[in-house]
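> Provided below for reference: sequence and predicted model.
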Amino acid sequence: MPQELTVFLTAMTPLGELRAALPLALLGFKMSLFGAYIISVLGNMVPVFFLLLFYRYLAEYLMKKFVWAKRFFGWLFERTRKNFKGDYEKWGKLALMIFVAIPFPMTGAWSGALVAWLFGFRYWESIFFIFMGVCLAGAIVGAVVVGGSEFFKILFVS
């Protein structure tokens, strides 16, 4: 499989996302920062278009079919709104961008799409703020990977 496709597909996964794809491209495949960044951002965004539509239909279907699903989604709505409400009230929709941009586990585009859906953000508005967050996350991860790589070269090679 071509390296670019491997990076793109890695960026599409919920556990890897851009946070795994960018280091893979830069350190594993020795791709250029610009090329790795573009492929990782695009790959990370592809699922978002579908997730924002999919979450609603899946939740509605499951809640109609199963009592446990109704309880689970009720708990999920409550927990997410409680945990994210203060940030949302303070920062508005920028909170979604910041949430996606922070390169920690469970804060990427997949989770951002879930938060956007739970808060009832409009589709294209969600796409915009998630995209901006993914771009910022890519810049952060890229800087850490390149900076860290250079630091270790200086530390151990010199």
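Happy to help now that I have it. Residues are numbered from 1 along each chain as shown.

> mind listing what the nearest residue to W91 once chain neighbours are set aside touches?
Once flanking residues are discounted, W91 sits nearest to I98: 6.6 Å by C-beta to C-beta, 6 or more residues apart in numbering. For glycine as for every other residue, the C-beta is placed from the backbone atoms N, C-alpha and C. Counting by C-beta atoms under 8 Å, 6 or more residues apart in numbering, I98 makes contact with D87, W91, G133.

> Give me the buried subset of those residues.
Among the contacts of I98, the ones that count as buried by 16 or more other C-beta atoms under 10 Å are G133.

> Relative to A109, which of the contacts of I98 is nearest.
For the contacts of I98, the closest approach to A109 (C-beta to C-beta) belongs to G133, at 7.3 Å.

> So the closest residue to the closest one other than its chain neighbours: helix, strand or coil?
Nearest in space to G133, with sequence neighbours left out and distances taken as C-beta to C-beta, 6+ apart, is V100 at 2.7 Å. Following DSSP: H, G, I helix; E, B strand; the rest coil, the label given to V100 is helix.

> per-residue confidence at V100?
According to the prediction, V100 has pLDDT 96.

> what's the answer for L96, then?
The pLDDT attached to L96 in the predicted structure is 93.

> likewise S158?
On pLDDT, S158 comes in at 64.

> F119 now?
Confidence at F119, expressed as pLDDT, is 86.

> Please apply the same query to F77.
81.

> Kindly report the same for L114.
Per-residue pLDDT puts L114 at 89.

> List phi and psi for it.
Backbone torsions for L114, taken as degrees, to the nearest 10, come to phi -60, psi -50.

> Outside of the helix or strand of the chain with the lowest mean pLDDT itself, which residues are in contact with it?
Sorting the helices and strands of the chain by mean pLDDT, DSSP states H and E puts helix 67-91 at the bottom, at a mean of 83. The contact list for helix 67-91, computed with C-beta under 8 Å, 6+ apart, reads A59, L62, M63, A95, L96, I98, F99, L114, V115, L118, F119.
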